[in-house]
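Q: have a look; sequence and predicted model below, questions after that.
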Amino acid sequence: RLAEMAGRLSAQFEKEQELGKVKTQLVAMVSHEFNNSLSVLGGMARLLREGESQPLPPRRLNSFTIIDAQVRSLAVASRTLLELGRLEAGRLTVRPVRMDLGALARDCAGTLEVLWQRKEQAVAVEAPEAPLWVQGDPDALALVVTNLLANAVKYTPSKGSITVSARSAAAGAVLVVADTGIGIALEEQQSIMAGYYRTEEGTKRAKGFGVGLALSVALLRAHGTELKVESSPGQGARFSFSLPALL
């Protein structure tokens, strides 16, 4: 009986492994195609806007702003799912190079500007003008910061404030994304890092997959560092990570 039960469990385990592979391949394929389509839509929307007589009437300007915001928001989600598929397939790698962490903070904030402007949020970028050199993968870290900033925008009420800062520290450099949003209870902070988990309050406030932070954790661990969170309900959240300085 034990041998028979072990056989059944083994067969079930193999079936689940195979289904997991199929799911990973499907997510990667759909995300890739989805991302390509979003790039085309975003490009065409920009061409249409540039072809309009200037200045745009308020209603048309608002329509273009909504299209741009939705495309950018979906682009972050699709790229996150694509990279998550690579992670689950064991094909996610980082390629560290010499990069400016301050410039990364400014670029990511600029990319999502239309999102926080729609909510009339105040976003401050605090980074030195002089390069803050670190060793990291620019694409991977851009996805981490974009996810952190997108979450801050998503879970911070209209007219709230968000700060993205990059600064030198004793052992290197630190990047921080802080907001005045809904916050996260201590007992839920580890769960949101694990993936496929969203807090009850977060689910009420915005849609999402609950995988952005899990992917960010994996990408930062591949850099030899950790994502830290400080938060409490109603008091906003502060996410940070450090990287060694590059002299």
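A: Sure thing, it's come through. Being a predicted model, the structure only gives us computed values, none of them experimental.
Q: can I get the strand or helix carrying residue 242 in PDB, CA atoms only?
A: Using DSSP states H and E, residue 242 maps to strand 237-244. Output of strand 237-244 as PDB, limited to C-alpha atoms (Å, rounded to 0.1, in the frame of the first residue of the first chain):
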ATOM      1  CA  ALA A 237       6.000  52.500   3.000                       C
ATOM      2  CA  ARG A 238       9.800  52.800   2.500                       C
ATOM      3  CA  PHE A 239      11.500  50.200   0.200                       C
ATOM      4  CA  SER A 240      15.300  50.300  -0.100                       C
ATOM      5  CA  PHE A 241      18.300  48.400  -1.400                       C
ATOM      6  CA  SER A 242      22.000  48.900  -1.400                       C
ATOM      7  CA  LEU A 243      24.800  48.200  -3.900                       C
ATOM      8  CA  PRO A 244      28.500  48.300  -3.500                       C
END
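Q: which strands or helices does that strand pack on?
A: Judged by 3 or more Cβ pairs under 8 Å, 6 or more residues apart in numbering; DSSP states H and E, strand 237-244 is in contact with strand 133-136, helix 138-155, strand 172-179, strand 228-231. No exception for glycine: its C-beta is placed from N, CA and C like everyone else's.
Q: so what's the gap between the last one and the chain middle?
A: When C-alpha coordinates are averaged (Cα atoms, centre = their mean, to the nearest Å), strand 228-231 and its chain have centres 16 Å apart.
Q: paired strands for it, with orientation please.
A: strand 237-244 (antiparallel) (DSSP bridges).
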